[in-house]
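J.: give me a 3D structure for the following:
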Amino acid sequence: MNVSAALVGCSVDQERPWITIAAIREGQGDLLISVRIDPDPGRPPETRWFRCGKFEPDVIRQLVSAKLADEEDSSIADIEPPADQPCGGWLAPDGRLWRCSDWRHQRTATEIAERLHLPIGSSDPADYLERHNWQHIMDCGHVRTDGQLTQKQRDQLFELARSFPTMRAFLLDALREDRDG
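T.: Numbers count the residues shown, from 1 in each chain. As a prediction, this is how the structure comes out:
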């Protein structure tokens, strides 16, 4: 049975029809699964990626549904989207992009603070990053910023806009606002 054909486009469970399997790729002995979460037509959908060691469609749907409810199972794990997929993240003043999907921004901010030994004290890591000119980029390309972009940040945003058409409009808006602001 072709797992991809059986699952792509299907909802994860009957109670949440707005959560669907968007794509499946074969990994090395496992599957990479993209899940689209679209509960509000007025907002861009979110995408989450998982690595799953199971291949049965019903089991995969159950594992994804449980993972979205924050249940732990060693058969499935959250992963960063593949490099060829649009993805937001945290953009450092030096232009380095710490890729992460929208739903992982807070966790990634904590990981950045720990890895870089940032003196955040009792501050929220995401707030600290934003106060220190890190740019919060959403998967749709929207950039949450209060400060001026560095040239390296501008270069990285332009490269993201060039590489990912689905992010382009919001990224170019951020670049125009920075130039005009």
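J.: how's this structure carved up into domains?
T.: The chain breaks down into these domains under automatic domain parsing: 3-79, 89-180.
J.: least confident of these, on average?
T.: Comparing mean pLDDT across the domains of the chain, the lowest value falls on domain 3-79: a mean of 89.
J.: how far off centre is it?
T.: With C-alpha atoms, centre = their mean, to the nearest Å as the basis, domain 3-79 stands 14 Å off its chain's centre.
J.: and the end-to-end length of that domain?
T.: The straight-line separation of the ends of domain 3-79 (C-alpha to C-alpha, to the nearest Å) is 20 Å.
J.: cool, and stretch 122-137?
T.: 24 Å.
J.: name the SS class of the residue lying closest to Ala161 once chain neighbours are set aside, please.
T.: Excluding its sequence neighbours, the residue lying closest to Ala161 (C-beta to C-beta, 6 or more residues apart in numbering) is Leu171, at 4.0 Å. Placement of C-beta: from N, CA and C, glycine included. Classification of Leu171 by DSSP: H, G, I helix; E, B strand; the rest coil places it in helix.
J.: any idea how many residues pack against Leu171?
T.: As a burial measure, Leu171 scores 24 neighbours (other C-beta atoms under 10 Å).
J.: what does stretch 136-154 rub up against?
T.: Residues outside stretch 136-154 that contact it (C-beta atoms under 8 Å, 6 or more residues apart in numbering) are 44, 46-47, 86-95, 97, 101-102, 105, 126, 129-130, 133, 135, 157, 160-161, 164, 166-171, 173-175, 178, 181.
J.: the residue nearest to Ala161 touches Leu157, doesn't it?
T.: Yes - contact criterion C-beta atoms under 8 Å: Leu171 and Leu157 qualify, at 5.1 Å.
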